[in-house]
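S.K.: sequence and predicted model, in that order:
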Amino acid sequence: MTTLHVSTRKGLWFLHSDDRARFRLEGPHHHGHIVHHTVLDPRDGRTLLAAMRTGHLGPVVMRSLDRGETWKELAAPTFPKGEPRGRAVDHVFWLTPGHASQPGVWYAGTSPQGLFRTEDAGDSWQPVSGYNDHPDQATWAGGDKDQTPDGGKLHSILVDPRDPKHLYVAMSGGGFFESIDGGLAFRPMSLGVENPYLPKLPDGAEHLFGDDPHCVVSHPKRPDRLWQQSHFGIYLLDREKGERWTRIGRAMPSDVGDIGFPIVLHPRDTDTAWVFPMDGTTVWPRTSPGGKPALYVTRDAGATWERRDGGFPTTQAWWTVKRQAMTADAGDPVGLYFGTTSGEVWASNDEAKSFTCIARHLPEIYAVTVA
Amino acid sequence: MRVLVPSHLRSYTNGVGEVMSHGETLDDVMHDLDARFKGLRARVIDEQDRIRSHVKFFVGGEQADTLGTRVGDREVQIVAAFSGG
């Protein structure tokens, strides 16, 4: 059974399939809630956490212990009362299960940007002070003009499968950061990411933060290789070779560009990734370039890219796919799935050679995950 | 006093739109409600004790902008503001 968790601006839906060809839509769960992310715990295969709020009410985290049959409301993480900057969690934007050796551990990324950790699958959350209270955190985050329209996001929380203390987090905006001590300290690592939004530094120095990663992923079989879809292009960082990001999106077709939100990796081939470009020209429409949606795939770590648009409309389709709204399963061939801001879910069971629309008329889709 | 609960929060009050509470201040009332309807307070008041952006409180028919507002026996009304979409 394949199940997609479709988090939308108005609730949560599931799409179930026995053959990855015909899907059954189930829902809504939590109707009316703005659901930012729903993630199944790979360590037990049954615990779901879902981050949500409503238009009026503050955030909560919902937990299911039976893959979404029943739910329990849990308190959302909070900044310490009376903390000097007066921060309060507006919404939880990102959820990441902890290391395989630490059942019950999850990380949450919030807006405004905060990092939180639970050891009891969300019954209680603790702030990760090494990030939240880092003396440079406010500088990394910048001001309102450096943030996404509904508030800055902490996202792409990555846990090294070899070492539970080795963490990465990304800030929109702010950059990409690493901790090697379980979150006691963080350091910026955006070297090589172009940033035309900041003035050049004197003497040829380069900015180490202040950019805007939209989505950063690493492959469990090759954790020192990091892939980034940024506001400023598609990048790869092979830490075996150095600490500088390389803009592999330069090899994308110039009329499409390399701006987008999601980036998804092949479950077995560490040189393969898919992106969904959007229009980042002129006033930044953030739609499919030219109204002609397509994924692009690289099978050689970004040296070359090929278009994948089988089954898509060939004109007047102005999709946007948000950073959490595209995913791949572990099948062979790989299944790819994405949701659009216009409420459609598309699926491929042949590694993106062709797609079928498996749901439409849903609310704006924020996230799609697969189990 | 009587507390009027909007539809947005009735999942906490078993569907009831009016509940009774007590307290000197609005803060006391909201703590009392949270003790009986766990989780309700955090939906309308943040961790820095600020009323959330899209929520209003009225005490005795007058808008209350702080949790220190004296309540006495006056009716409390919680309102989800005219926002959203």
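M.R.: Okay, I see it. The structure displayed is predicted, hence computed values, not measured ones. Numbers count the residues shown, from 1 in each chain, chains lettered A, B, ... in the order given.
S.K.: what are the ranges of the strands in chain B?
M.R.: Counting by DSSP state E, chain B has strands at residues B:2-4, B:18-20, B:55-59, B:62-64, B:76-80.
S.K.: could you dump those strands to JSON lines with distance to chain A, mean neighbour count and mean pLDDT?
M.R.: To be clear about C-beta, it is placed using only N, CA and C from the backbone, and glycine gets the same treatment. Conversion of the strands of chain B to JSON lines gives the following (distance: least, C-beta to the nearest C-beta, whole Å; neighbours: other C-beta atoms under 10 Å in any protein chain shown; pLDDT from 0 to 100):
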{"stretch": "strand B:2-4", "distance to chain A": "15", "mean neighbour count": "16", "mean pLDDT": "98"}
{"stretch": "strand B:18-20", "distance to chain A": "17", "mean neighbour count": "13", "mean pLDDT": "98"}
{"stretch": "strand B:55-59", "distance to chain A": "6", "mean neighbour count": "19", "mean pLDDT": "97"}
{"stretch": "strand B:62-64", "distance to chain A": "16", "mean neighbour count": "14", "mean pLDDT": "97"}
{"stretch": "strand B:76-80", "distance to chain A": "4", "mean neighbour count": "20", "mean pLDDT": "96"}
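S.K.: please convert those to CSV, extending it with distance to A:Gly173.
M.R.: Shown next, in CSV, are those (distance: least, C-beta to C-beta, whole Å):
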stretch, distance to A:Gly173
strand B:2-4, 41
strand B:18-20, 43
strand B:55-59, 29
strand B:62-64, 36
strand B:76-80, 31
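S.K.: list the buried ones in the lengthiest helix in chain B?
M.R.: Longest among the helix segments of chain B by residue count, using DSSP state H, is helix B:26-36. Residues of helix B:26-36 classed as buried: B:26-30, B:32-34 (neighbour count, 16 or more other C-beta atoms under 10 Å in any protein chain shown).
S.K.: before we move on, what about stretch A:281-300?
M.R.: Using 16+ other C-beta under 10 Å as the test for burial, stretch A:281-300 gives A:286-289, A:292-298.
S.K.: and it, end to end?
M.R.: End-to-end distance for stretch A:281-300, by C-alpha to C-alpha, to the nearest Å: 27 Å.
S.K.: residues in contact with that stretch: which ones?
M.R.: Stretch A:281-300 is contacted from outside by A:248, A:251-252, A:255-257, A:269, A:271-280, A:304-309, A:312-320, A:336, A:351-352, using C-beta atoms under 8 Å, 6 or more residues apart in numbering or on different chains.
S.K.: just the buried ones from those residues, in ChimeraX syntax?
M.R.: The buried residues among the contacts of stretch A:281-300 can be selected in ChimeraX (16+ other C-beta under 10 Å) with this line:
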select /A:248,252,256,257,272,273,274,275,276,277,278,279,280,305,308,309,312,317,318,319,320,336,351,352
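S.K.: quick one: A:Arg360 and B:Tyr12, what's the gap?
M.R.: Separation of A:Arg360 from B:Tyr12 (C-beta to C-beta, to the nearest Å): 34 Å.
S.K.: please apply the same query to A:Ile358.
M.R.: Noted for A:Ile358: a distance of 35 Å to B:Tyr12, by C-beta to C-beta.
S.K.: do the same with A:Lys322
M.R.: According to C-beta to C-beta, A:Lys322 and B:Tyr12 sit 31 Å apart.
S.K.: before we move on, what about A:Ala325?
M.R.: Using C-beta to C-beta, A:Ala325 is found at 31 Å from B:Tyr12.
S.K.: again, but for B:Gln63
M.R.: For B:Gln63 relative to B:Tyr12 (C-beta to C-beta), the value is 23 Å.
S.K.: what is the rounded mean pLDDT of stretch A:90-110?
M.R.: Averaging pLDDT along stretch A:90-110 gives 98.
S.K.: hmm, I was thinking of stretch A:230-243
M.R.: The average pLDDT for stretch A:230-243 rounds to 97.
S.K.: low pLDDT regions in chain B?
M.R.: Within chain B, the set of residues satisfying pLDDT under 70 comprises B:84-85.
S.K.: do that again at 80, thanks
M.R.: B:82-85 (pLDDT under 80).
S.K.: which stretches of the stretch 251-371 of chain A form strands?
M.R.: For the stretch 251-371 of chain A, strands defined by DSSP state E, counting those that start in this stretch occupy the ranges A:260-265, A:273-277, A:295-298, A:306-308, A:326-328, A:336-339, A:345-348, A:356-359, A:365-370.
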